[in-house]
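> Below are the sequence and a predicted model; questions follow.
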Amino acid sequence: MTVRIGTRASKLALTQTQQTADQLAAVGGFPVELVHITTEGDVKTGSLSQMGGTGVFVAALRDALLQDTCDVAVHSLKDLPTGAAPGLTIAATPKRADVRDVLCARDGLKLADLPQGARVGTGSPRRAAQLRAARPDLEVRDIRGNVETRLGRVPGLPGNAAGAPGDLDAVVLAAAGLERIGRLDAVSEFFEMDVMLPAPGQGSLAIECRTADAPRKAGSTEGSQGVLAQALAALNDEDTRLAVTAERAVLARLEAGCAAPVGAFAYRKGSMLYLEAAVCAVDGTKTVREKKATDGLTEVGATLLGIEVAELLLAAGAAEIADLAASR
């Protein structure tokens, strides 16, 4: 059998999907082919938050799965809505890449070195809010486009094509995406967590399939059905799964989408799972942060940890500084 793998057609999506396809083929011993799917986020213009944010890069891929146009779909996990998709399952979360956000600035400048009023581009309200919190004097601009287009907005970055617009002093992007397409040379600074918490699920991929094709216990070899299910189970990294489950539980409890100014980062260390999350005012004037840990190293335990941290955020006033559905 040939396994059909659905993907968006951007350079980043194709790169990360091809890497996943190669791993599946190697583990499962079956041929694979990529199926290009155009999503709403690929064709609409305007800011992601105005388009609804959550799911604009996902719905068409999920439809393709349900209509049997493809057998699995590869998503950037941070783009996935937290609600369940009937008939579909996240069958694997491969080992996570670097979760951090990065600054790509002209002349190799770091955030602290940017001149007053410097123009910094991002399409993420979360990144914009944390930038304004760190540097209220910056002019943060909303931008769209793929990774190469965004990098082209900054003059003189390594790898930029001649004639790029160069109308910004810097852009903020995800380290994982730049690493996957070989553009880490454009990075002038990696942000630490005290400056910028990443989006829930950032740096992780989600391999989604029809429920009937998934391992009986998602992410486990126990009771796997068929070659595809076994290959999917083999690609799952349990530490990554626990971490992103906790992070996404924060979003779910806050009833916030992937475009909300919410950052979260979880990681396992020894017998404990640690989680830190923040909700930011879009103008950067207020931020609430909370953190907690658990020894419940199961998906249920990770989910409960995320809910507990979200409750701490709400108690600290998160609903008053951001537009969260949980406050309505």
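Good, I have the coordinates.
> Tell me how many other residues crowd the nearest residue to Ala281 once chain neighbours are set aside.
In space, and not counting its chain neighbours, Ala281 is closest to Ile321: 4.2 Å by CB to CB, 6 or more residues apart in numbering. (Glycine included, C-beta is placed from N, CA and C.) The number of residues packed near Ile321 is 20, by other CB atoms under 10 Å.
> Am I right that Ile321 is in contact with Gly284?
No - Ile321 is beyond contact range of Gly284, at 10.4 Å (criterion: CB atoms under 8 Å).
> in the stretch 151-300 of the chain, which spans are strands?
170-174, 189-190, 205-210, 262-269, 272-280, 287-294 (DSSP state E, counting those that start in this stretch).
> Please tabulate those strands in TSV, including the columns mean pLDDT, mean neighbour count and distance to Pro136.
Output for the strands of the stretch 151-300 of the chain, formatted as TSV (pLDDT from 0 to 100; neighbours: other CB atoms under 10 Å; distance: least, CB to CB, whole Å):
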stretch	mean pLDDT	mean neighbour count	distance to Pro136
strand 170-174	97	25	16
strand 189-190	98	18	18
strand 205-210	94	23	35
strand 262-269	97	22	18
strand 272-280	97	23	13
strand 287-294	96	18	12
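> Any chance of a markdown table for these, columns distance to Arg248?
A markdown table is the format used below for the strands of the stretch 151-300 of the chain (distance: least, CB to CB, whole Å):
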| stretch | distance to Arg248 |
| --- | --- |
| strand 170-174 | 16 |
| strand 189-190 | 23 |
| strand 205-210 | 10 |
| strand 262-269 | 8 |
| strand 272-280 | 11 |
| strand 287-294 | 15 |
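> Tell me the pLDDT of the residue positioned nearest the centre of the chain.
With distances taken as CA atoms, centre = their mean, Lys78 lies nearest the centre of the chain, 2.7 Å away. The model reports Lys78 with a pLDDT of 91.
> quick one: contacts for it?
By CB atoms under 8 Å, 6 or more residues apart in numbering, the residues touching Lys78 are 199-202, 204, 258.
> Val72 versus that one, what's the distance?
19 Å (CB to CB, to the nearest Å).
> One more: Leu131?
36 Å.
> just Asp98 next, same as before
Going from Asp98 to Val72 by CB to CB gives 24 Å.
> More neighbours: the two, which one.
Taking neighbours as other CB under 10 Å, Asp98 and Val72 compare with Val72 leading, 28 against 17.
> I figured the more buried one hits Thr7, correct?
No - using CB under 8 Å, Val72 is not in contact with Thr7, being 9.8 Å away.
> Check the secondary structure at Leu312 for me.
helix (DSSP: H, G, I helix; E, B strand; the rest coil).
> May I have the residues that are in contact with it?
Counting by CB under 8 Å, 6+ apart, Leu312 has contacts 290, 292.
> Per-residue pLDDT of it, please?
For Leu312, the model assigns a pLDDT of 97.
> Next one: it from Thr122, what distance?
Leu312 is 27 Å from Thr122, by CB to CB.
> Next: Leu242.
Taking CB to CB, one finds Leu242 at 29 Å from Thr122.
> between these two, who's got more neighbours?
Taking neighbours as other CB under 10 Å, Leu242 and Thr122 compare with Leu242 leading, 25 against 22.
> residues in contact with that one?
The contact partners of Leu242, taken as CB under 8 Å, 6+ apart, are 266, 268, 273, 297-299, 301-302.
> heading toward the C-terminus, what's the first helix or strand past the worst-scoring helix or strand of the chain on mean pLDDT?
Here the helix or strand of the chain ranked lowest by mean pLDDT, DSSP states H and E is helix 40-43, holding a mean of 53. Next helix or strand after helix 40-43 toward the C-terminus (DSSP states H and E): helix 59-66.
> Now that following helix: average pLDDT?
For helix 59-66, the mean confidence score works out to 92.
> The closest residue to Leu66 other than its chain neighbours: neighbouring residues, count only.
Counting by CB to CB, 6+ apart, Leu66 lies nearest to Gly87, which is 5.8 Å off, once chain neighbours are set aside. Residues lying near Gly87 (other CB under 10 Å) number 11.
> separation between Gly87 and Asp68?
Noted for Gly87: a distance of 11 Å to Asp68, by CB to CB.
> now Pro155
47 Å.
> got the contact list for Pro158?
Taking CB under 8 Å, 6+ apart as the criterion, Pro158 is in contact with 185-186.
> Please disregard the earlier target; I meant Leu77.
Taking CB under 8 Å, 6+ apart, we find Leu77 in contact with 93, 201-202, 204-206, 244.
> Give me the nearest residue to it, chain neighbours excluded.
Leaving out its chain neighbours, the residue that sits closest to Leu77 by CB to CB, 6+ apart is Gly201, at 3.6 Å.
> For Ser124, see how far away the one you found is.
Gly201 is 13 Å from Ser124, where distance means CB to CB.
> related to what we said a few turns ago, can you give me the neighbour number for the residue nearest to Leu77?
Other residues near Gly201 come to 27 when the count uses other CB under 10 Å.
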